[in-house]
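# have a look; sequence and predicted model below, questions after that.
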Amino acid sequence: MSTSSFALACMAFVTSAPCAVAGLEHLEPDIRALAQPMLDDEHAPGMAIGILKAGERITLGVGRVRLDAEGAPTADTLYEIGSISKVFTATLLADAQLRGLLSIDDPLAKFVPEDSDAPEFDGVGITLTQLSTHRSALPRMPPNWFPPDLADPFKGYDRARLFRDLEDIVLTRAPGAQYEYSNLAVGLLGQIVVDVTGAKDYGALLTERITAPLGMSDTTLDLSDQQRARFAPPYNADLRPDRDWTFDALAGAGAIRSTVDDMLTFAEADLAAEKDATNDPARQALAFTHEKRAEFPGDAKGGVALGWHLRGDGARWHNGQTGGYHAFLGIAPQHDLAVVVLANAPTGFVDAFAIGVLKLAAGEAVEPLQIQRPVEVERATLESYVGRYRLNPVNWIAVTLEGHKLFVQLTGQPALRVYPENDAKFRYRVVDAVITFELDDEDRVAALVLHQNGQDMRAPRE
């Protein structure tokens, strides 16, 4: 799942008409050149890349799978795909609708346990569609979500806890009023679909209704020993070894592992579903997810479908990020084109790179990625920022220093490294956010400001 806000503004897909080419192999040098700045600046150990165009596939790996060994990723290297799992959850929802097991317009209240209540706002309840399109008014995460192990934050969060926490939520606006990305909403939706279908769990339902019918044998939640041997090890944003994640009730939000080869198979079925879904339940479910269901803020021509984000030109996409991985899936039906990029580090530059690959595959010229390198800051300046900053009455921000590396930790979250753009401005890599430090009239550090999602949140130093 995504631990960061989506980089929606950068999703400028291909615009030119399709170009006629003999094959996709000629793209490889340009793809490797586009990836090299990310590898040089250590944003990821490596990436597995796949392109599907007009029925032709090409896969390649750049960098390496492990920092301590040679060997580039392959089409069979497994990765966590994070929030791309939400597309699969939407497909399972569509499948349940088509089988008459539920309606996407059903109220959430219909599916909570008898001894539980579903949140409402002035008598207005949440629908299943709103759970999938991020217009449910539910928060990004459960309000009582304080994981005992931040390195594996969703482990042990079970069905009973999910519905118990749901009762404690007080909506601040009417469902459907606005877009707010919510892992809780789609994780809840996944659990509902599991309950309605009578499946053993999310993984079993995924296999039965999607991956087995499509021949995606490496798309799973639980890895076999043979798959574990092909599983790329996770690294954090600082390329230090991390942990892979495990899920329970919120599996539908981000639990899936897959390969480039399998994801291209999924993309191929998704493109085919748009042309002909007759007598194929999996394709019918995929086609059902494509329709625009809601507007997306700031993009009058785009929108939100079941599980997908849409562009005005008909392209659809989703990305995903967990503690040690980042993934991107983009499909451009107007070009009969799809691109998959999987990386074993949580860097948003994967999205920008993947969009560049989409453009290359469509015959467009692509500029090199603009990756700003950190500047050098004197250690004494870094030391002056170390301390605690009060964000609000119940949340604080701790700033620590390891060598010449500055780390910022919000209440209940892991410490994340920030990278200096100047002496007072530091940027995260794992999320789209910036920290700036304020000085008082005597040049003492008085506060920090967290700039994220268009907000400037000031935290005075304690």
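Perfect, thanks for sending it.
# give me the number of residues near N319?
25 (other C-beta atoms under 10 Å). Where C-beta positions appear, they are placed from N, C-alpha and C, glycine not excepted.
# please apply the same query to N453.
11.
# ok, L34 - contacts?
Residues near L34 by C-beta atoms under 8 Å, 6 or more residues apart in numbering: 353, 356-357, 360, 366, 368-369.
# can you check D244 too?
80, 152, 231, 234, 322-325.
# would JSON lines of those residues with secondary structure and neighbour count be doable?
Below are the contacts of D244 laid out as JSON lines (DSSP: H, G, I helix; E, B strand; the rest coil; neighbours: other C-beta atoms under 10 Å):
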{"residue": "E80", "secondary structure": "strand", "neighbour count": "28"}
{"residue": "D152", "secondary structure": "coil", "neighbour count": "17"}
{"residue": "F231", "secondary structure": "strand", "neighbour count": "17"}
{"residue": "P234", "secondary structure": "coil", "neighbour count": "22"}
{"residue": "T322", "secondary structure": "strand", "neighbour count": "30"}
{"residue": "G323", "secondary structure": "coil", "neighbour count": "24"}
{"residue": "G324", "secondary structure": "coil", "neighbour count": "25"}
{"residue": "Y325", "secondary structure": "strand", "neighbour count": "27"}
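# pick out whichever of these sits closest to S116.
Using C-beta to C-beta, D152 comes nearest to S116 of those, at 26.5 Å.
# which stretches of the stretch 351-462 of the chain form strands?
For the stretch 351-462 of the chain, the strands defined by DSSP state E, counting those that start in this stretch occupy 387-392, 395-402, 405-410, 416-420, 425-428, 433-439, 445-452, 455-460.
# which members of the contacts of L34 are classed as buried?
Buried residues within these, counting neighbours by 16 or more other C-beta atoms under 10 Å: 353, 356-357, 360, 366, 369.
# got the phi and psi for L184?
Per-residue torsions, L184: phi -60, psi -50 (degrees, to the nearest 10).
# may I have the residues that are in contact with it?
Counting by C-beta under 8 Å, 6+ apart, L184 makes contact with 138-142, 250, 253.
# what's the closest of these to R429?
Top of the list for closeness to R429, among those and by C-beta to C-beta, is R140 at 19.7 Å.
# could you list the domains of this protein?
Listed by automatic domain parsing, the domain ranges of the chain are 8-361, 379-460.
# quick one: distance of the first one to the chain centre.
Its chain's C-alpha centre lies 6 Å from the corresponding centre of domain 8-361 when counted by C-alpha atoms, centre = their mean, to the nearest Å.
# so which of the contacts of D244 is the closest to P241?
Using C-beta to C-beta, those come closest to P241 at P234, 7.3 Å.
# where does the closest residue to that closest one other than its chain neighbours fall, phi/psi-wise?
Residue nearest to P234 in three dimensions, not counting chain neighbours: G324, with 2.2 Å by C-beta to C-beta, 6 or more residues apart in numbering. With angles defined as degrees, to the nearest 10, G324 sits at phi -130, psi 20.
# G324 touches N344, doesn't it?
Yes: using C-beta atoms under 8 Å, G324 makes contact with N344 at a distance of 6.1 Å.
# please identify the helix or strand for the residue most central in space within the chain.
Centroid-nearest residue in the chain, with C-alpha atoms, centre = their mean: G320, separated by 2.0 Å. Element membership of G320 [criterion: DSSP states H and E] is strand 316-322.
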